[in-house]
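J.: sequence below, structure please.
(chains A and B, ligands or ions: 3)
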Amino acid sequence: MERDHEKVLDYPIPAPSALEPPQEWERLRSGCPVARVTLPSGDEAALVTRYEDVKRLLADPRFSRRLTGAGAARIAANESGGVFSSEMAASVPDGGEGHRRWRREVGTWFTAKRMTALRPGIRDMAEGLIDGMVEAGAPADLKAHLGFPLPVWVICDLLGVPESDRDRFSYWSDALLNLTRYTEEEVSAAQEEFFAYMSGHIERRRSDPGDDLLSALITGTTEDGAKLTDGELVGTGMGLLVAGHETTANMIGKMVAMLLSDRSRWERLVEDRSLVRTAVEEALRFDADSGIGLPRFVTEDTEVGGETVPAGTTVMCAMAAANRDTGEFADAGEMVLDRAPNRHIAFGAGAHSCLGQALARTELQVVLEVLLDRLPTLELAVPAGDLERVDGLAVGGLATVPVRW
Amino acid sequence: MKITVDEDKCCGAGQCVLIAPEVFDQRDEDGIVVLLDASPGEEHHDAVRESAQVCPTAAITVDEDA
Ligand code: HEM
Ligand code: HEM
Ligand code: SF4
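T.: Residues are numbered from 1 along each chain as shown, chains lettered A, B, ... in the order given. Ligands and ions are numbered 1, 2, ... in the order given. Reported below is the predicted structural model:
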């Protein structure tokens, strides 16, 4: 195994097909728990793939996801790494007490109780989008018809953005996040329009508050009486889009594709709806393409898998590899629809684990329920092996999900 | 069975409430966990164990022997 430690792997590691994991994962987990890798930027990092190691590093409060420190590796050469970028932190109250207060306030909109209240509305949206897909006729791209619009619509609702403006929001979100697909002019135009729209929207909400997160943030009084600035309010909207749109959109597509790629899975769900909750968790665990993983900048020497990782190392935590670790999950390579408990770490781990996870779970469960009700005959319109991944680095997903029914 | 929760650890993810709503709730003000029943009946034990195991911050402790 010595040779493994010497070799520097190119990261991300290619996979045999869109839904399958790279074969190297198993070898790394068993023989090379801390692997040297080269990131797309050319910088070096340490790749961690075992469940226990990934989980412990993610939850360790000493290590930050902020890669702005001296010596931290860059992920991509043109650093605008979406979920990783420090701009995201800059657009919301940055660090310290301000950020904690803001997180608490935003967090109250993601409780289980709120989710129960949101569920019927999300169901209506999913029904409407599926109507549109059925009208367009088979074969259809489930990602374009359902996966992509639904999470933006949900975020629009949270922000109190009216139905008539949802499509504009979708476009802005796509242009702001998919920096590779749009020209520089398109991106900055979208940015300007988004900021102008949000400023006007905040003004309207200030004089006429509704029952939405933004109105609550505008009118809310906190213990220290401080108010969020307009910039921070716009940043909240942008932050939620950055964190909650592409991630959920892609996960809807991947979940449906995984369930249809072996149609006995789908048939089992059609027969037994009580499996929807655990099936969604299993799809999150089984997702072999959740993106490049989460970076952590190690600020003190720390031990991982029996080796010392020196201070100043950038560690890439590969959650998708950890989620396939046979040391944690029995039959890790099988999709077990009734797996419980399912301690997957698709949403990260510890205090920084995904704030929107209850919402993401609700959206995924509702989409699956509505599809099973409305289109029990759903199937992939291409062989699973022909599905293609999107290019993006931060968030993995399928380019299209062609289906018929 | 005896359950304890650590409010300082809880990040308000709500997993426990989704899995065992008869045993866990969340405060309206900040989403932090509220223990509704520290010694729930047998019928809730599986759901409680699952909640404790999947809680992202390990904020739930279950003493099986108490
Ligand atoms: C749009 C949403 C959000 C973004 C983009 C964001 C981003 C970040 C970033 C980049 C950091 C610094 C990196 C680190 O120390 O790990 C950070 C720190 C932190 N965030 Fe967030 N965050 C968001 C929402 C939240 C929410 C909703 C909460 C609370 C429920 C929260 C709580 C924290 C805490 C406690 C820290 C540690 C630093 C501190 O104690 O001030 N964040 N966040
Ligand atoms: C399937 C869909 C989703 C996946 C897989 C996902 C995954 C993640 C992951 C891995 C993190 C980083 C945790 C860390 O750094 O340790 C994160 C953070 C975050 N997510 Fe999600 N997420 C999803 C959907 C959502 C949604 C729908 C929202 C809200 C609308 C959201 C809001 C956030 C926020 C605000 C943070 C930053 C929290 C902080 O800084 O403390 N996410 N998510
Ligand atoms: S699952 Fe854990 S973190 Fe989430 S609300 Fe319950 S106790 Fe808090």
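
J.: next up, phi/psi of A:Tyr171, please.
T.: phi -60, psi -50 (degrees, to the nearest 10).

J.: typo on my end, A:Pro295
T.: phi -80, psi 150.

J.: how near is it to B:Lys2?
T.: Going from A:Pro295 to B:Lys2 by C-beta to C-beta, to the nearest Å gives 40 Å. Yep, even glycine has a C-beta here, placed from its N, CA and C like the rest.

J.: pLDDT score assigned to residue 28?
T.: By default, I'm working from chain A. A:Leu28 carries a pLDDT score of 96 in this model.

J.: I was thinking of chain B, sorry if that wasn't clear
T.: Value listed for B:Asp28 in the pLDDT field: 84.

J.: for it, pull up the helix or strand it's in.
T.: For B:Asp28, there is no enclosing helix or strand under DSSP states H and E.

J.: do I have it right that it meets A:Trp109?
T.: No - B:Asp28 is not in contact with A:Trp109 according to C-beta atoms under 8 Å; the separation is 10.9 Å.

J.: neighbour count: the two, which is higher?
T.: Applying other C-beta atoms under 10 Å in any protein chain shown to B:Asp28 and A:Trp109 shows that A:Trp109 carries more neighbours, namely 21 against 11.

J.: tell me who's in contact with the closest residue to that one other than its chain neighbours.
T.: Nearest in space to A:Trp109, with sequence neighbours left out and distances taken as C-beta to C-beta, 6 or more residues apart in numbering or on different chains, is A:Leu213 at 4.6 Å. Residues in contact with A:Leu213 (C-beta atoms under 8 Å, 6 or more residues apart in numbering or on different chains) are A:Val106, A:Trp109, A:Leu158, A:Leu159, A:Gly160, A:Thr236.

J.: now for the top helix by length along chain B, which elements pack on it?
T.: Assignment by DSSP state H gives helix B:45-54 as the longest helix of chain B. The contact analysis (3 or more C-beta pairs under 8 Å, 6 or more residues apart in numbering or on different chains; DSSP states H and E) places helix B:45-54 against helix B:15-19, strand B:60-63.

J.: could I get the ones you listed as JSON lines with mean pLDDT and mean neighbour count?
T.: As requested, the helices and strands packed on helix B:45-54 are exported to JSON lines (pLDDT from 0 to 100; neighbours: other C-beta atoms under 10 Å in any protein chain shown):
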{"stretch": "helix B:15-19", "mean pLDDT": "91", "mean neighbour count": "25"}
{"stretch": "strand B:60-63", "mean pLDDT": "96", "mean neighbour count": "16"}
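
J.: other residues contacting the longest helix of chain B?
T.: A:340-343, B:1, B:3, B:15-16, B:19-20, B:23-24, B:40, B:58, B:60-62.

J.: give me the mean pLDDT for it.
T.: 94.

J.: buried residues, that helix. List them.
T.: Buried residues in helix B:45-54, counted by 16 or more other C-beta atoms under 10 Å in any protein chain shown: B:Ala47, B:Val48, B:Arg49, B:Glu50, B:Ser51, B:Ala52, B:Gln53, B:Val54.

J.: which one of those residues is nearest to ligand 3?
T.: Nearest to ligand 3 among the buried residues of helix B:45-54 is B:Ser51, at 6.2 Å by C-beta to the nearest ligand atom.

J.: contacting residues around the nearest residue to that closest one once chain neighbours are set aside?
T.: Excluding its sequence neighbours, the residue lying closest to B:Ser51 (C-beta to C-beta, 6+ apart) is B:Cys16, at 3.9 Å. Each residue near B:Cys16 by C-beta under 8 Å, 6+ apart is listed here: B:Val23, B:Phe24, B:Val33, B:Ser51, B:Ala52, B:Cys55, B:Ile60.

J.: max pairwise distance over those residues: which two?
T.: B:Val23 and B:Cys55 (12.5 Å; C-beta to C-beta).

J.: strands of chain A, start to end?
T.: Taking DSSP state E as the test, the strands found in chain A are A:9-10, A:34-38, A:44-48, A:140-141, A:294-297, A:302-304, A:307-309, A:314-317, A:379-380, A:402-404.

J.: run the chain-centre distance for the fifth one.
T.: Here strand A:294-297 is found 16 Å from its chain centre; the criterion is C-alpha atoms, centre = their mean, to the nearest Å.

J.: look up how far ligand 1 lies from the closest residue to chain B within chain A.
T.: At 3.6 Å from chain B, A:Ala112 is the closest residue in chain A, using C-beta to the nearest C-beta. Applying C-beta to the nearest ligand atom, to the nearest Å, the value for A:Ala112 to ligand 1 is 15 Å.

J.: test my guess that that residue contacts B:Val17.
T.: Yes - A:Ala112 is in contact with B:Val17 according to C-beta under 8 Å; the separation is 3.6 Å.

J.: overlap in contacts, these two.
T.: In contact with both A:Ala112 and B:Val17: B:Gln26, using C-beta under 8 Å, 6+ apart.

J.: ok, back up a step: out of the contacts of A:Leu213, which comes closest to ligand 3?
T.: A:Trp109 (14.2 Å).
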